[in-house]
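A.B. asks: I would like the atomic coordinates for the input below:
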Amino acid sequence: MAEVEWNAQSNRYEVAFRCDPRDLDRALSASMKMPIVIEQLPKAKAEKYIQQYLDKHLKLFRQTEDGEEEPVVAKRHWVGYELDDRGKYLWLYFEWEPSPGDAPLKIENRMFMQVEPTHISSFTFTDIAEKPSLHFTSSVPVKNVPLPARKSR
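C.D. replies: Next up is the predicted model:
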């Protein structure tokens, strides 16, 4: 589950992504092809592995106007991560800086789907009154952002 909010001052989406640490351990272990337990790693190494995983499995992008070129992926700014006080959830914090343009923004989310094919992930946009949510599955990993396309300045 993720909460997403547009910050008009920074022209970025602020993202708080909540996951079960065991799910992330399994996904990182499969991706890195070695056993990984985030809580047992030095923070810098854990952040490196998490960011590499995010780069592969979670993207905000804008399709080019003609649709023929590769999509332009938003720049991700890593903020950090924390384990909640009960150890039940791991929170990943980052910001997405959308690429310039008028084409609609899309999110591609394949987090945890290689180790749990039935995984469903939700992104809720908390800055919109209706708080719309996007639901991602392995069969539908790409969704349009439920806001007018943002132009970065």
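A.B. asks: Residues in contact with the worst-scoring helix or strand of the chain on mean pLDDT: which ones?
C.D. replies: Lowest by mean pLDDT, DSSP states H and E among the helices and strands of the chain is strand 72-73, with a mean of 92. Identification of contacts with strand 72-73 by CB atoms under 8 Å, 6 or more residues apart in numbering yields 59-62, 64, 99, 101. Bear in mind the C-beta positions are built from the backbone N, C-alpha and C, glycine included.
A.B. asks: what sits against the residue nearest in space to the middle of the chain?
C.D. replies: Computing the C-alpha centroid of the chain and ranking residues by CA atoms, centre = their mean puts Leu58 first, at 4.5 Å. Leu58 is in contact with 17, 107-111, counting by CB under 8 Å, 6+ apart.
A.B. asks: now do 6 Å
C.D. replies: Taking CB atoms under 6 Å, 6 or more residues apart in numbering as the criterion, Leu58 is in contact with 109, 111.
A.B. asks: Can you spell out which residues form a bridge with it?
C.D. replies: Beta bridges link Leu58 to Asn109 when assigned by DSSP bridges.
A.B. asks: Going by residue numbers, what spans are helices in the chain?
C.D. replies: Taking DSSP state H to define them, one finds helices in the chain at 21-32, 43-57.
A.B. asks: right, so the ones you listed: which one is the most enclosed?
C.D. replies: Counting by mean count of other CB atoms under 10 Å, helix 21-32 has the highest mean neighbour count of those, with a mean of 17.
A.B. asks: contacts for that helix?
C.D. replies: 35-38, 49, 53, 90, 112, 114-115.
A.B. asks: again, but for stretch 36-56
C.D. replies: 21, 25, 28-29, 31, 78.
A.B. asks: Sketch out the low-pLDDT regions of this structure for me.
C.D. replies: Across the chain, the ranges flagged by pLDDT under 70 are 65-68, 147-153.
A.B. asks: Let's see that with 50 instead.
C.D. replies: 148-153 (pLDDT under 50).
A.B. asks: Give the PyMOL command for selecting the buried subset of the contacts of helix 21-32.
C.D. replies: Buried members of the contacts of helix 21-32, defined by 16 or more other CB atoms under 10 Å, are picked up in PyMOL with:
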select buried, resi 36+38+49+53+90+112
